[in-house]
Every structure is written in structure tokens, then in C-alpha cells.
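Trainee: Here is a sequence together with a model predicted from it:
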Amino acid sequence: MSLNFVSIPIFTHLLTTGDYGVVSLYTVWIGILTPFIGLGLHLSVFRAKIEYQDNYEKYVSSIVSLVFGLFLLSLLIFYFFRVEILIATKIPDELFFLLVVQVLMSILISIGLGAFQFQYRYRVVSILNFLRALLSVLFSIVLIIYVFSDNKVNGRILGGFIVELILGVGLTTYFIFKGRVFFNYSYWKFGLVYSIPFIFGSLSFILNSQFDRILINEYMGSSETGLYSFAYSLGMLLLLLGVSVKQAINPWVYEKLDAKDKKPVVKLYQQFICVFSLVTILMLYISPELVQLLSAKDFWNSANILPWIVVAAYFQLLILNEQETQMFLKKTAVNSFIIVIGAIFNIVLNFIFIPRYGSMGAAITTLVTYVAMFFCMYYVNNSILKYPLVKMKCYIFSIAYVSTFSMLFFFIKDSYLFRGCVWGLTLLVLLQYIRSERNNFLFSRNQQEKT
């Protein structure tokens, strides 16, 4: 995550707002094509650790082989409809093959890192993620400056592609060698049954977060797309931090829930909500400075968009809590249905507000969509699935806190003094909360050791 943070100012200084927008659209299409090529199979490796504990590496090897088969089928389809696809995506012909291969590598990397994560090999995951981010940045910088100085977009894209190719091939070779299973009907059936309902959900989730850039590019041009993409990337660092925490705790959470021991999970989720409510306000109140610190002057207009994206990221973190419940219960169809409805709602609002208000309309629409999706997720888990892990009063307290200080931000955003005071007090509260929870943990552990 830290390297993603560091890379933002590097590329906002190396690329124009228009170049940044084109690279962003390339990334959008990677996300859109991923569910179609991989059928969401990378998501099955999490649940498979519980279903196939003794044969887990055989399962992973089998799923990798299935993904390769789906990729070859996708290539055949793309060959017959290449003209229509190139027109729809507006991706240059020379980059489209890289795009499709990068989608495959992205899926294989997700499978490999997910498998390591659920084997509690966190050090391996951390090292690979660090190298992946570092080398992608370094290769891109070298290619932009020394090879593609006249076409910086190609340098940025190719730098990331090279790293994805090396890591994807490496992880695939490792798991095929370890598992040595290319076809197993039981494994393939489980993977497809579990994952296929996620196709529309995954696609809808991507459209929720990225379709607005396609429309902004259509109505406002690539430069406006670049401004919005920069603000979105910066705001979603909050979500990236939350996802990193979730990836670390999910194996433990799944094991506790599988053992029907919900109490420690509930406690952990409440701590997660409290901490990220405070972190949201910390990030919100320094958002103007973040924009100026991490970008060239051409990008500074995005400071008006960033606060809305930060709060939207907060609601996505709340959604993550409820989404994990549905994934554990294997209610993937229910999860996908909610996300599809959210995507439709988001797309309709985008068509209404982006032509009128541009990127600001997209940012507010994003926030409204995630608020609606969170309450839908909670209602389903609480009233239909009857499996609530966090009480609504905990969420209400958190949302009221974030909403109040978010509204206050817009009144005092031009005052460094007032914003600094709120930021400092929030930081003190966060540190005190972490300290008190740590002391409570140590006390309870000592009590357990005595008994």
C-alpha cells in the first residue's frame, strides 16, 4: 500500500492529466474483462481452504488449469469480435493483446496470493506484493523516461505488464508443480458453482467504481478523466488500507465462524469500524494538502472531488464487513444480486448527473450508491439470512460520527487552524482507543493464562 501511495506523485508529475486518464481507462477495462475471462474463480480459493483442507494445493492447481482453458476460449471469442471490441473499448490495437494477457496474469496472481494468504504465509504475500508494486513503478519510470518519452502511456502500461507477466507465470508454475492436478471434476464443479454467481456481482462492483470514468471520458474528455481518476486513487487508499487489514484477519475470521465462535469476530469487527471511522476523518481533514503534496499543479482541481471519495471509501469498508458474512455462508448469489442492483442504480445516476456536473456529479453519485448498498447488505444479513455480526447501533454511531465531521469539514475547509485542531484531536482519540484496546487484550490474555 505504501508504494501505491508513493507512486501517485511520481506519475502525476510524469504524465499529463490526459495521459493519466488513458491509463486509468486501460485499468478499467482490465477490471471489466476479469469476471468474464476468469468467472470469479480466484474467489473460490478462500472457501476451498475449508472445503478441501487436506488437498488444498491440488485444488489450486486444478483451478489454475481451468482458468487457462477459459482464457484460450476467451481469445477465440475476442478474435471473432475483435473489431467490435476495439471500437467499444477504444483501446489501441497494439495494446489490446497486452490487456487480455494482463487480465489472465491478474487472475492467476489473485489465486496464488489468495492461496498463500489462507495458508498463513503472510510474509510471502507481503514480499511478493512489495516487489510487485516496486518493480512496476521502477519499470514504468525507466520506460517512460528512456524508451517511450514520446508515448508515455505505453511506457506506464508496459512497465506494469512486465511485472504481472513474471509474477503470474512464477506463481502458476509453483502451484501446478505443488498440486500436480490439471483436471478434477469435483474441484471444478465446486469452483464454478461457488464463483459463477459472482460474475455479475464482480462486474457490477467494477462498474460501480469505474463506469463513471468511461462516461466522464465520453462527455468531458481524457483530461477530466485524469483528474477524477487521481482523486479516486487517492481517496481509495483508505479502502486499500482496510482491504489489507481484512486480508490479514479473514483466515482467522473464517475459522472462528466455521467453529461457531462468533463472539471474538463480533468484537474484532467493532474495533475495525471504530478505527476506520477515525482514520476516515484524519484523511478527510488533510485531503487538500494531500492533493497538493502528491500531484503537479495541473491536478489540484481534484481537491474538490476528493472529500466525497474518502467518505465513499468509508462506506465501502462497512460493506466489506457485511459482504464477508455472505461469502462465508456461501450466499454468493445474494451478494451478487445486491451489487447488481447497486450498479444499475449507480449507472442511472451517472447518466443523469455526469453530463450536468461532470466529475463532481460522479463523486457524489458514488457516495450515494455505496450508502444505499450498505443498508441493503445489512438488511439482508440481519433480516433474511439471520446472521448479523455487528449491531445496527454500532454502525449508526459510526455513521453519525463520520457524517457530522464530514459536514463540518465543508464549513471549515478553508481554515488551516480549525482543520488542524480537529485532525489533532482525532489522532489523539485514535491513539488512545488503540492503547485501551491493546491493554484490554493483554488483560484478558493474562486472565486466560491464570485459569
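Mentor: Arrived safely.

Trainee: Buried ones in stretch 275-291, by neighbour count?
Mentor: Across stretch 275-291, burial judged by 16 or more other CB atoms under 10 Å covers 275-285, 287-288, 290-291. For glycine as for every other residue, the C-beta is placed from the backbone atoms N, C-alpha and C.

Trainee: now do stretch 381-392
Mentor: N381, N382, Y387, L389, V390.

Trainee: Reformat those residues as JSON lines; add secondary structure, distance to L138 and pLDDT.
Mentor: Formatted as JSON lines, these follow (DSSP: H, G, I helix; E, B strand; the rest coil; distance: CB to CB, whole Å; pLDDT from 0 to 100):
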{"residue": "N381", "secondary structure": "helix", "distance to L138": "43", "pLDDT": "83"}
{"residue": "N382", "secondary structure": "helix", "distance to L138": "47", "pLDDT": "84"}
{"residue": "Y387", "secondary structure": "coil", "distance to L138": "45", "pLDDT": "80"}
{"residue": "L389", "secondary structure": "coil", "distance to L138": "41", "pLDDT": "82"}
{"residue": "V390", "secondary structure": "coil", "distance to L138": "41", "pLDDT": "83"}
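
Trainee: farthest pair in these?
Mentor: Taking CB to CB, the two most distant members of the buried residues of stretch 381-392 are Y387 and V390; they sit 11.1 Å apart.

Trainee: quick one on the thing from earlier: for G168, state which of the buried residues of stretch 275-291 is nearest.
Mentor: Nearest to G168 among the buried residues of stretch 275-291, counting by CB to CB, is F276 at 31.2 Å.

Trainee: How about the contacts made by the closest one?
Mentor: L238, G242, Y314, L317 (CB atoms under 8 Å, 6 or more residues apart in numbering).

Trainee: can you pull the contacts of R419?
Mentor: Going by CB under 8 Å, 6+ apart, the list of residues near R419 reads Y285, I286, F409, I412, K413.

Trainee: Among the residues you listed, pick out the one closest to D19, please.
Mentor: Nearest to D19 among the contacts of R419, with distances taken as CB to CB, is I286, at 26.8 Å.

Trainee: The closest one - nearest residue in space that isn't next to it in sequence?
Mentor: In this structure, I286 finds its nearest non-sequential neighbour in W423, 6.2 Å apart by CB to CB, 6 or more residues apart in numbering.

Trainee: Tally up the residues packed near F46, please.
Mentor: 20 (other CB atoms under 10 Å).

Trainee: quick one: it from M377, how far?
Mentor: Computed as CB to CB, to the nearest Å, the F46 to M377 distance reads 18 Å.

Trainee: how about the helix or strand harbouring V60: buried residues?
Mentor: Taking DSSP states H and E as the criterion, V60 maps to helix 56-80. By neighbour count with 16+ other CB under 10 Å, helix 56-80 contains the buried residues 56-68, 70-71, 74, 78.

Trainee: returning to what we had before: now, the buried residues of stretch 275-291 that are in strands?
Mentor: Among those, no member falls in strands (criterion: DSSP state E).

Trainee: Closest to G38 out of those residues?
Mentor: F276 (29.2 Å).

Trainee: Remind me what the helix holding V60 packs against, helices and strands.
Mentor: Applying 3 or more CB pairs under 8 Å, 6 or more residues apart in numbering; DSSP states H and E, we find helix 56-80 packed against helix 17-38, helix 44-51, helix 93-118, helix 152-179, helix 185-195.

Trainee: For these, please prepare a markdown table with the additional fields mean pLDDT.
Mentor: As requested, those are exported to a markdown table (pLDDT from 0 to 100):
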| stretch | mean pLDDT |
| --- | --- |
| helix 17-38 | 78 |
| helix 44-51 | 72 |
| helix 93-118 | 83 |
| helix 152-179 | 86 |
| helix 185-195 | 79 |
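
Trainee: Q323: which of those helices is closest?
Mentor: helix 44-51 (12.0 Å).

Trainee: Taking helix 152-179 as reference, get the angle to the closest one.
Mentor: Taking axes from the mean of the first three to the mean of the last three CA atoms, to 10 degrees, one finds helix 44-51 and helix 152-179 inclined to each other by 20 degrees.

Trainee: Quick check: buried residues in helix 44-51?
Mentor: Those would be S44, V45, F46, R47, A48, K49, for helix 44-51 by 16+ other CB under 10 Å.

Trainee: what's the nearest residue to the last one if we skip its chain neighbours?
Mentor: Think K49. F118 (4.1 Å).

Trainee: tell me which element the spatially most central residue of the chain falls in.
Mentor: Geometric centre of the chain, nearest residue: L240, 6.1 Å, by CA atoms, centre = their mean. Applying DSSP H and E as the criterion places L240 in helix 237-258.

Trainee: elements contacting that helix?
Mentor: By 3+ CB pairs under 8 Å, 6+ apart, helix 237-258 packs against helix 2-14, helix 44-51, helix 93-118, helix 263-285, helix 306-328.
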